[in-house]
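J.: got a structure for you, letters missing:
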């Protein structure tokens, strides 16, 4: 039988522990009921089939085959490079590589509905490579093309600029459900890269650590740590300088550089004209959403492909007549 003095001592010592556990339980329940967006597990088109990348922020998984649901549910198959494309193998034909974000990758589009796949059929004398990645800004596209260059060695590089959000992507260190990313500033006229290695984002802590995955309190503490250690950085817009840097990189490697714009962007178009960079735009392409500013429908992709065909012809790239 336990002496009374020992029972009293045990209760006195254990009381703070029980109070702490009860407080944590109440807080955990309260956070779960509140369902704060900042604490949710984010699963969307920009996370499915992608992994953490210390240089790029996130990168597509090689040989992945997720199903991605937004307005439509589409089937995805990536190749050994992680690109949502057929397996790349040089075959002697000149190569055209497209870089861009979800408009190139093909949100809400099956692979064979995308403008790049339509161009593959329309331009059999060229090898078409789709190197679009969901959520990328021009800054990440610039870094990705350097990683891919020695493998693809394109003769023609086409940047598809997303007028809707690329400028926002290029000026911020955190995007899309609080995912961290690298970013550039302009110092003495030159681009300077920041944010590498890219810090882990909250969603990555949730994926990697059991306690963060199962406890909203842990998620709250992780988010507080990230906001203190790696807060959002907003910089002056480096978009024009980034586009020129991509042109310079392509030119230094013997490739022709062209630009396509989702919608007209007066400031960028003026810069492209001054820099003598050929460009076209895709206004009128049918898109999903009540305001028509979503991703391209199959008909929208067809218009983009047709406009690219005409654009290529105007720039000395033979294509069969339409």
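T.: Sure thing, it's come through. For clarity, every value in this text was computed on a predicted model and none was experimentally measured.
J.: now the stretch 201-322 of the chain, which segments are flagged as low pLDDT?
T.: Low-confidence segments of the stretch 201-322 of the chain (pLDDT under 70): 292, 318-322.
J.: if we go to 90?
T.: Scanning the stretch 201-322 of the chain with the threshold set as pLDDT under 90 gives 201-227, 289-293, 316-322.
J.: Same check on the stretch 1-150 of the chain?
T.: 1-51, 65-74.
J.: could you pull out the strands for it?
T.: Listed in chain order, the strands of the stretch 1-150 of the chain (DSSP state E, counting those that start in this stretch) span 50-53, 57-60, 67-69, 73-75, 95-100, 127-132.
J.: In JSON lines, list those strands along with mean neighbour count and distance to residue 184.
T.: Where you see a C-beta, it was placed from the backbone N, CA and C, and this is true even at glycine. Below are the strands of the stretch 1-150 of the chain laid out as JSON lines (neighbours: other C-beta atoms under 10 Å; distance: least, C-beta to C-beta, whole Å):
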{"stretch": "strand 50-53", "mean neighbour count": "18", "distance to residue 184": "17"}
{"stretch": "strand 57-60", "mean neighbour count": "24", "distance to residue 184": "13"}
{"stretch": "strand 67-69", "mean neighbour count": "15", "distance to residue 184": "29"}
{"stretch": "strand 73-75", "mean neighbour count": "13", "distance to residue 184": "32"}
{"stretch": "strand 95-100", "mean neighbour count": "24", "distance to residue 184": "16"}
{"stretch": "strand 127-132", "mean neighbour count": "24", "distance to residue 184": "19"}
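J.: Among the ones you listed, which comes closest to residue 192?
T.: Closest of those to residue 192 is strand 57-60, at 17.3 Å (criterion: C-beta to C-beta).
J.: where's the residue most central in space within the chain relative to residue 193, distance?
T.: Centroid-nearest residue in the chain: residue 135, 2.3 Å away (criterion: C-alpha atoms, centre = their mean). Between residue 135 and residue 193 the distance is 18 Å, computed by C-beta to C-beta, to the nearest Å.
J.: Residue 85 touches residue 120, doesn't it?
T.: No: contact between residue 85 and residue 120 fails when scored by C-beta atoms under 8 Å: they sit 9.5 Å apart.
J.: of the two, who's got more company?
T.: residue 85 (23 against 20; other C-beta atoms under 10 Å).
J.: Show the contacting residues for that one.
T.: By C-beta atoms under 8 Å, 6 or more residues apart in numbering, the residues touching residue 85 are 78, 79, 111, 116, 129, 130, 131.
J.: ok so, going back, backbone torsions only: list them for the residue nearest to the centre of the chain.
T.: phi 80, psi -10 (degrees, to the nearest 10).
J.: what's the answer for residue 257, then?
T.: phi -120, psi 130.
J.: Residue 107 - nearest residue in space that isn't next to it in sequence?
T.: Spatial nearest neighbour of residue 107, excluding adjacent residues (C-beta to C-beta, 6 or more residues apart in numbering): residue 295 at 4.4 Å.
J.: how about that neighbour, what does it touch?
T.: Residue 295 touches 70, 71, 102, 103, 106, 107, 108, 109, 287, 288, counting by C-beta under 8 Å, 6+ apart.
J.: Outside of stretch 94-101 itself, which residues are in contact with it?
T.: 104, 116, 119, 123, 125-137, 141, 144-145, 148, 152-162, 165-166, 169, 246.
J.: From those, list the buried ones, please.
T.: Burial by neighbour count, 16 or more other C-beta atoms under 10 Å: within these this picks out 104, 116, 119, 123, 126-137, 141, 144-145, 148, 152, 154-162, 166, 169, 246.
J.: List the ones among those residues that fall in helices.
T.: 104, 116, 119, 141, 144, 145, 148, 152, 166, 169, 246 (DSSP state H).
J.: Now for those: which two are most distant?
T.: Pairwise over these, using C-beta to C-beta, the maximum falls at 119 and 169, 24.9 Å.
J.: pretty sure residue 176 is touching residue 136, no?
T.: No: with contact defined as C-beta under 8 Å, residue 176 does not reach residue 136; the gap is 10.1 Å.
J.: which residues touch stretch 161-174?
T.: For stretch 161-174, the surrounding residues in contact (C-beta under 8 Å, 6+ apart) are 100-103, 135-140, 175, 180-184, 194-195, 201, 230, 232-239, 242-243, 259-265, 268, 293.
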